[in-house]
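1. what's the 3D shape of this:
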Amino acid sequence: MNKIICNSVEFVFSSEIRLMTPAQITLIPGAEWKKLNVTEKPVYHSDIKQAAPGPTKEETVTAVTKHDSESIIKQYSNFPVVLKMKTDSSTFFVGSQRYPVITEISGDRIFDTYTFKSKSTP
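-> Numbers count the residues shown, from 1 in each chain. Purely as a prediction, here's the structure:
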């Protein structure tokens, strides 16, 4: 399943989450959602893979930003995160405390491409 989402990608490090339900995330005191300033609409992809131990849900979000060597997510790309995504009609989360999102970054001196990946049980 592919979704075109609004120009909004927010993230929080999984260590900053106090409580998470499918509909809401409560952050620890002092923590806040951080915005990833995208240059074009991010693309969300979700797929269910069947395997011997059971099905696995794989989610991928690709987002392009202007190059920023000081970006907090670039500095701490090895820290697990949870994404907050918005469509024109809803808000949803990618990743969880148990199955956080892993960040991969590639880029040049003009743009950075972020690929966020999460695997979980459906």
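
2. Can you give me the pLDDT of the residue sitting nearest the centre point of the chain?
-> Nearest residue to the geometric centre of the chain (C-alpha atoms, centre = their mean): residue 83, 3.4 Å. We have a pLDDT of 97 for residue 83.

3. Quick check, it in contact with residue 102.
-> No: applying C-beta atoms under 8 Å as the test, residue 83 and residue 102 come out as separate, 11.3 Å apart. For the C-beta atoms, the positions are set from N, CA and C on the backbone; glycine is no exception.

4. Find the residues that touch each one of these two.
-> Residues touching both residue 83 and residue 102 by C-beta atoms under 8 Å, 6 or more residues apart in numbering: residue 116.

5. Could you look up the SS state of residue 7?
-> Look at residue 7: counting by DSSP: H, G, I helix; E, B strand; the rest coil, its state is coil.

6. and it, what does it touch?
-> Applying C-beta under 8 Å, 6+ apart, we find residue 7 in contact with 38, 40-42.

7. what about the chain, any weak spots by pLDDT?
-> Where the chain drops to pLDDT under 70, the residues are 1-4.

8. Centre of it to the edge, which residue is at the far end?
-> In the chain, by C-alpha atoms, centre = their mean, residue 52 is the one farthest from centre (27.2 Å).

9. tell me which element that residue falls in.
-> Using DSSP states H and E, residue 52 falls within no helix or strand.

10. Give the buried residues for stretch 75-92.
-> 80-85 (16 or more other C-beta atoms under 10 Å).
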